[in-house]
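Peer 1: Sequence and predicted model, in that order:
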Amino acid sequence: MIVAGFGFRAGATPASLHAALAATRARPDALAAPTDKCATPAFRAFAGALGLPVHEIPEAAIRAAQTLTHSPRVQAERGTGSVAEAAALSAVGKGARLTCPRMVSPDRMATCAIAEGIPR
């Protein structure tokens, strides 16, 4: 299973999310984001356009994930070095590995990371 994990700012648009995913050059089987972000209109529109399953990742799982990227700002706000990496890894579960660390959209509003592993 290939999962695209996302982190994004409140002002992100579906285009921001598409650009972040495009930067990874991946073709995911599913999308993942923190539970609170999955409810935003931009993410719902983006996910709906792709027609892929969405994994809503609880805050505790985001905080528990070990990420390659370490943003001090994100660490202070969300308890992890990269929300995108944490979401992707958490969605895949045990045995997950990052195949693409966090990529940033050109407008700097969204990030995407790719994790792979055996489906849960």
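Peer 2: Right, received. Where do you want to start? Numbering: from 1, shown residues only.
Peer 1: can you tell me which residues contact Ala84?
Peer 2: Gly5, Phe6, Gly7, Ala20, Arg102, Met103, Thr111, Cys112, Ala113 (Cβ atoms under 8 Å, 6 or more residues apart in numbering). Yep, even glycine has a C-beta here, placed from its N, CA and C like the rest.
Peer 1: now Met100, which residues is it bridged with?
Peer 2: Quick fix: residue 100 is Cys, not Met. Bridge pairing for Cys100 (DSSP bridges) gives the partners Ile114.
Peer 1: The contacts of Ala84 in helices, which ones?
Peer 2: Among the contacts of Ala84, DSSP state H puts Ala20 in helices.
Peer 1: Kindly indicate which of the contacts of Ala84 lies nearest Gly81.
Peer 2: Distance to Gly81, by Cβ to Cβ, is smallest for Arg102 among those, at 8.8 Å.
Peer 1: Okay, and Ala12 sits in which element?
Peer 2: Using DSSP states H and E, Ala12 sits within no helix or strand.
Peer 1: Excluding sequence neighbours, find me the nearest residue to it.
Peer 2: Distances taken as Cβ to Cβ, 6 or more residues apart in numbering put Met109 closest to Ala12, at 4.0 Å, once the chain neighbours are dropped.
Peer 1: Counting neighbours, what do you get for the nearest residue to Gly7 once chain neighbours are set aside?
Peer 2: Taking Cβ to Cβ, 6+ apart, and ignoring the residues beside it in sequence, Gly7 has Val83 as its nearest neighbour in space, at 2.9 Å. Using other Cβ atoms under 10 Å, Val83 has 28 neighbouring residues.
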